[in-house]
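Asker: I'd like to go over a predicted model; first the sequence, then the structure.
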Amino acid sequence: MAPIAAARRALGFAAATIALSLAAPACADTITVFAAASLKEPLDEVARAFEARSGERVRIAYAASSALARQIEAGAPANLFISADVDWVDYLEPRGRVVGQSRVNLLANDLVLVAPAASAVALRVAPGFPLAQALGAGRLALADPTAVPAGKYARAALERLGVWKSVEARIARADNVRAALAFVARGDAPLGIVYRTDAIAERGVRVVDAFPRDTHPPIIYPAVLVAPASPAARALHRFLLSPEARAIWARHGFRPPA
C-alpha cells in the first residue's frame, strides 16, 4: 500500500499548490474556472475554443468538487464552478457565493468498474456480485466516498447492490476520481470505480462492466457562476451550452442530462 499512500500525498500536495496559486487576485482579463477533475480533457478543449472566439483568457483549477466548493466558500477567486454533483452547488447557494438563477445542468455521466488494461478479471455488476473475491489481496480504488462525488456515487451503487460491507475496509481512498483512476492504471489497485469518461481518457485501464444507472443518484454536472460574475464569465457560462461545446463534450463521452 506504500505506492498508493505516496500517490495520495503527492496528489494532495498538488491540489494544495493549485489552491495557493489561485489565492492571489486573478488578472482582470482572466476567467478562472474551478472544475471537477473528471472534466479535464474536454473542458481544456472547450476553453481553447472559447478563447479563440472571444479573445478572453481562461485558467482552470481541477480537483475534487468538494475541495473546490470549500475553497470558493472561503473566498477563492473563482468566476465559474462546475461540480460533478448537485450537492456541492446546493452547499454554496445558501452561503451567497454563487449568482442566483445561474445554475445549469450541463452534463451527465455513467459509473464503471475498471481494471488495469492487461488484467483478465471478468465481473458482471449485479446484486451480490463477488467484488471482494475479485480484489484478491488488493484494494478497491475510489475517490473519497465521504465527500467526493465519484466516491459517493460508487458507495451508493455498492450499497444498493449489497456489496459495500464486503469491501468497505478494503478501499484505497483517493483525493479525486482521477487519482483513483491513476491507482488502477499503474496497477496499484486491481479494480476501481470511476466515471465512464475517465476510462475513455486513460489507456491504462479497461472497463470491466458498467453500473446500472438506477443503482446510484443521477450523475449530473451543474455549472454555476460565482458572485460577482463578470461579463466575460457570463459569456463562457453561455458557451458551455453552445453546439460547439456540446460536440466536444460528446466526443469525450459525456451525455446531456436527462
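Answerer: That came through fine.

Asker: switch to C-alpha atoms for all contacts and neighbour counts from now on
Answerer: OK.

Asker: and residue 207, how close does it get to residue 232?
Answerer: Between residue 207 and residue 232 the distance is 39 Å, computed by Cα to Cα, to the nearest Å.

Asker: same question for residue 177.
Answerer: Noted for residue 177: a distance of 29 Å to residue 232, by Cα to Cα.

Asker: show me which of those two is the more surrounded one.
Answerer: Between residue 177 and residue 232, counted using other Cα atoms under 10 Å, residue 177 has the larger neighbour count: 28 against 19.

Asker: ok, the more buried one - contacts?
Answerer: If a contact means Cα atoms under 8 Å, 6 or more residues apart in numbering, then residue 177 has 37-38, 64, 142-143, 148, 150-151, 194-195 as its contacts.

Asker: per-residue pLDDT, it?
Answerer: Note for residue 177: predicted pLDDT of 96.

Asker: got it, and the one 10 residues further on?
Answerer: Residue 187 carries a pLDDT score of 96 in this model.

Asker: measure how far stretch 69-79 is from the centre of its chain, please.
Answerer: In this view, stretch 69-79 has its centroid 17 Å away from the chain centroid, taken as Cα atoms, centre = their mean, to the nearest Å.

Asker: what does stretch 217-228 give?
Answerer: Chain-centre distance of stretch 217-228: 12 Å, with Cα atoms, centre = their mean.

Asker: hmm, who's touching it?
Answerer: 78-86, 89, 96-99, 102-110, 153, 156, 233-234, 237, 257.

Asker: buried only: go through those for me.
Answerer: 78-86, 89, 97-98, 103-110, 153, 156, 233-234, 237 (16 or more other Cα atoms under 10 Å).

Asker: residue 245: neighbouring residues, count only.
Answerer: Neighbour count of residue 245, defined by other Cα under 10 Å: 20.

Asker: give the contact list for it.
Answerer: Here residue 245 is in contact with 46, 239 (Cα under 8 Å, 6+ apart).

Asker: on the three-state scheme, it is what?
Answerer: helix (DSSP: H, G, I helix; E, B strand; the rest coil).

Asker: next one: residue 220
Answerer: strand.

Asker: and it, what are its bridge partners?
Answerer: Taking DSSP bridges as the rule, residue 220 bridges to residue 108.

Asker: ok so residue 68 is a helix residue?
Answerer: Yes: according to three-state DSSP, the state of residue 68 is that of a helix.

Asker: re the thing from before, just the contacts of stretch 217-228: which are in strands?
Answerer: Of the contacts of stretch 217-228, the ones assigned to strands by DSSP state E are 80-82, 104-109.

Asker: in terms of residue numbering, what are the domains of the chain?
Answerer: For the chain, the structural domains run 2-108+219-251, 109-215, going by automatic domain parsing.
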